[in-house]
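Participant: Predicted structure and sequence below. I'll ask about it afterward.
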Amino acid sequence: MKILLVLAGQTPDPQLFSDEVAEADLSVAVDGGSKVFRKYDQQPDLLIGDLDSSEFPFGAKIRVVHHNEQNSTDLQKTFAYLFQAHSPTQMVLLGATGKRTDHLINNLCICAAIDPKCQITLKNDQDLGNEFTLERLMRITPETDTDFGVKVGDILSIFAVSSYAGLTSSGLKWEINNASSKVGYFSQSNIAISDGLRISVATGCVYLAVYQ
């Protein structure tokens, strides 16, 4: 089951938003992410959070899951509900990046801690002229088999927000061989030299950032 989560960070452009809504089996507004649906005159299937930033009235014809406790973020509340009520195998997050760095880091840490079998991708528009137009942050765990959608010449980086070991690549200009967080390894602005890029990790998780 593919679930789209829309958060209150950087607003996606209309094409990215409409494409992801069309591909999702379930679309979820994470509290303030409801403003994005309202901006594009669409309604999510679910609205989840403490609703302190939501612009949808409770009378709207959408399902509302109201969690008022303040000991977890709206994204944590959303993940807890979705894994209990549904069986997500793939989740795409829009609006999880941009605006505030602390929100981005917290979102990455939260995503790092959920079910390692679920495929997680954060997508973000990039306004960098003709160089890049899209940033994709994909979580890699020992249990996920992700089609990275990387082409020869794509710029990418690999980083982590938690411990990992056994990081290995095949298809990069500067290959990675059994790296781990113990030595503080990261790969920045690497280049794909093969369409069949393979990246694996033995324990923990890392993020692959692809710029296209």
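Facilitator: Thanks, I have the structure now. Keep in mind the model is a prediction, meaning the values are calculated, not measured.
Participant: The residue nearest the centre of the chain and Leu46: what is the separation?
Facilitator: Nearest to the mean C-alpha position of the chain, counting by C-alpha atoms, centre = their mean, stands Leu122 at 2.4 Å. Counting by C-beta to C-beta, to the nearest Å, the gap from Leu122 to Leu46 is 19 Å. Heads up, the C-betas are built off the backbone N, CA and C, glycines and all.
Participant: got the domain boundaries for this protein?
Facilitator: Split into domains by automatic domain parsing, the chain comes to 1-125, 142-212.
Participant: in stretch 111-120, what counts as buried?
Facilitator: 111-112, 114, 116, 118-120 (16 or more other C-beta atoms under 10 Å).
Participant: Can you tell me which of those residues end up in helices?
Facilitator: Assigned to helices by DSSP state H, the following of the buried residues of stretch 111-120 qualify: 111-112.
Participant: Can you list the strands that the one helix or strand the residue nearest to the centre of the chain maps to pairs with?
Facilitator: Assigned by DSSP states H and E, Leu122 belongs to strand 119-125. Taking DSSP bridges as the criterion, strand 119-125 forms sheet pairs with strand 90-94 (parallel), strand 134-140 (antiparallel).
Participant: how about the last one: buried residues?
Facilitator: Neighbour-count burial for strand 134-140, counted by 16+ other C-beta under 10 Å, picks out 135-140.
Participant: need the helix or strand of this protein with the lowest average pLDDT.
Facilitator: Within the chain, confidence by mean pLDDT, DSSP states H and E is lowest for strand 63-66 among all helices and strands, at a mean of 77.
Participant: Partner strands of that one and their direction?
Facilitator: Neighbouring strands of strand 63-66 in its sheet, by DSSP bridges, are strand 46-49 (parallel).
Participant: got the contact list for the partner strand?
Facilitator: Strand 46-49 is contacted from outside by 26-32, 34, 54, 56, 62-67, 74, 77-78, 81, using C-beta atoms under 8 Å, 6 or more residues apart in numbering.
Participant: What is the distance between that strand and the centre of its chain?
Facilitator: Relative to the chain's own centre, strand 46-49 is displaced by 17 Å; criterion: C-alpha atoms, centre = their mean, to the nearest Å.
Participant: would you list every one of the strands in this protein?
Facilitator: 2-6, 26-30, 46-49, 63-66, 90-94, 119-125, 134-140, 155-159, 164-165, 168-170, 187-191, 198-200, 203-204, 206-211 (DSSP state E).
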